[in-house]
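J.: give me the fold of what follows.
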Amino acid sequence: MLKPSWLDKRFDHAGARPLRAFLRDLNLHTVCEESLCPNIGECFSRNTATFLIMGKVCTRQCRFCNVSQGVPLALDKGEPSRLAAAVKRLMLKYAVITSPTRDDLADGGAGHFSACAWAVKKLNPSTRIELLIPDFGARPESLALIAGSFADVLGHNLETVPSLYIKVRKGSSYDRSLGVLSSIRRLCPGAVLKSGLMLGLGEKEPEVVSVMQDLRKTGCSILTLGQYLAPSLKHYPVQEYIPPEMFTHYAALARDLGFSGIMSSPYTRSSYRADQA
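T.: Alright, predicted model coming up:
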């Protein structure tokens with residue numbers, strides 16, 4: 001399936017090079033690089049990135065994701081301090097931290113998330129922090145650690161509609177993911193909740209609207225909608241290219257449902273211009 005004219009963004013290798021070298025020096029990973037994000041040149045040239053903690057190997061088998069799958073390495077105890085130092089040296093006013101799913105860890109990595117948030121906030125007290133978390137198997141103790149962290153925004157992506165989970169999100173559960181957001185809201189009533197969907201996987205409009213409604217019931221107030229782009233021929237194939245006007249239409253529906261922060265466009269990703277959302 002050929003890409004339409006509105007999907008014409010080119011990777012800016014020169015713009016990305018300085019930040020990429022800086023991150024390599026600190027032995028830090030980004031989901032921008034691992035997921036082959038089309039916005040990487042733009043973001044890296046502005047010295048912004050979404051940090052990927054706990055390594056770059058995932059224990060799940062989602063068919064849309066380019067993050068490596070397999071057996072992860074042990075946690076790096078020095079990572080929180082290096083992450084905090086990177087945020088300080090980059091003078092970030094808003095830092096987004098995410099991770100692969102780590103089902104091999106007893107707490108799913110929630111404790112490491114908390115340690116990273118604490119380290120960043122201690123060294124950068126004015127920096128706002130967004131944690132984009134996996135589901136941690138919906139463990140109550142793990143979600144309590146996240147709810148008690150220093151994060152200003154807590155995100156967990158549903159990624160797609162329930163009917164497609166069995167095809168593209170092996171090992172994950174729509175109801176479990178919704179429950180994660182509801183549990184965080186219950187544990188931390190003042191939390192700003194965020195979630196995101198990829199479009200073009202084969203979903204229908206009524207399904208997307210239903211997911212929006214489910215998210216609002218959890219208290220989620222920030223929503224991102226973007227076009228799914230298959231990282232390779234081995235990944236789940238794009239079923240449809242959603243035109244820009246449809247993203248505008250979905251944004252209007254989301255606004256009517258009460259979402260206060262909405263990013264909806266073909267190149268929107270869950271952490272793209274997160275400070276603006």
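J.: can you show me the helices along the stretch 1-150 of the chain?
T.: 13-25, 31-34, 40-45, 79-90, 110-123, 140-147 (DSSP state H, counting those that start in this stretch).
J.: then the stretch 151-277 of the chain?
T.: Under DSSP H, counting those that start in this stretch, the stretch 151-277 of the chain gives helices at 165-168, 174-187, 205-218, 244-257.
J.: of the helices of the stretch 1-150 of the chain, which is nearest Gly261?
T.: Set against Gly261 and scored by Cβ to Cβ, those come closest in helix 40-45, at 18.2 Å. Using the backbone N, CA and C atoms, a C-beta is placed for each residue, glycine as well.
J.: would you quantify the distance from the closest residue to Phe150 other than its chain neighbours to Leu92?
T.: Nearest-residue entry for Phe150: Lys121, 4.0 Å, with adjacent residues in sequence omitted and distances by Cβ to Cβ, 6 or more residues apart in numbering. According to Cβ to Cβ, to the nearest Å, Lys121 stands 12 Å off from Leu92.
J.: so what sits against both of those two?
T.: Taking Cβ atoms under 8 Å, 6 or more residues apart in numbering as the criterion, Lys121 and Leu92 both touch Thr127.
J.: neighbours of Gly137, how many?
T.: For Gly137, the count of nearby residues is 15 (other Cβ atoms under 10 Å).
J.: got it, and Tyr94?
T.: Tyr94: 17 surrounding residues under other Cβ under 10 Å.
J.: so what's it up against?
T.: When contacts are counted by Cβ under 8 Å, 6+ apart, Tyr94 is found next to Thr127, Arg128, Ile129, Glu130, Ala274, Asp275.
J.: thought the fifth one was touching Glu130?
T.: By that I understand Ala274. Yes. Counting by Cβ atoms under 8 Å, Ala274 touches Glu130, with 5.7 Å between them.
J.: common neighbours of those two, please.
T.: Shared contacts of Ala274 and Glu130 (Cβ under 8 Å, 6+ apart): Tyr94, Val96, Val153.
J.: got a pLDDT number for the residue lying closest to Tyr165 once chain neighbours are set aside?
T.: In space, and not counting its chain neighbours, Tyr165 is closest to Tyr174: 5.3 Å by Cβ to Cβ, 6+ apart. The model reports Tyr174 with a pLDDT of 97.
J.: quick one: Tyr174 and Ile184, what's the gap?
T.: Distance, Tyr174 to Ile184, using Cβ to Cβ: 16 Å.
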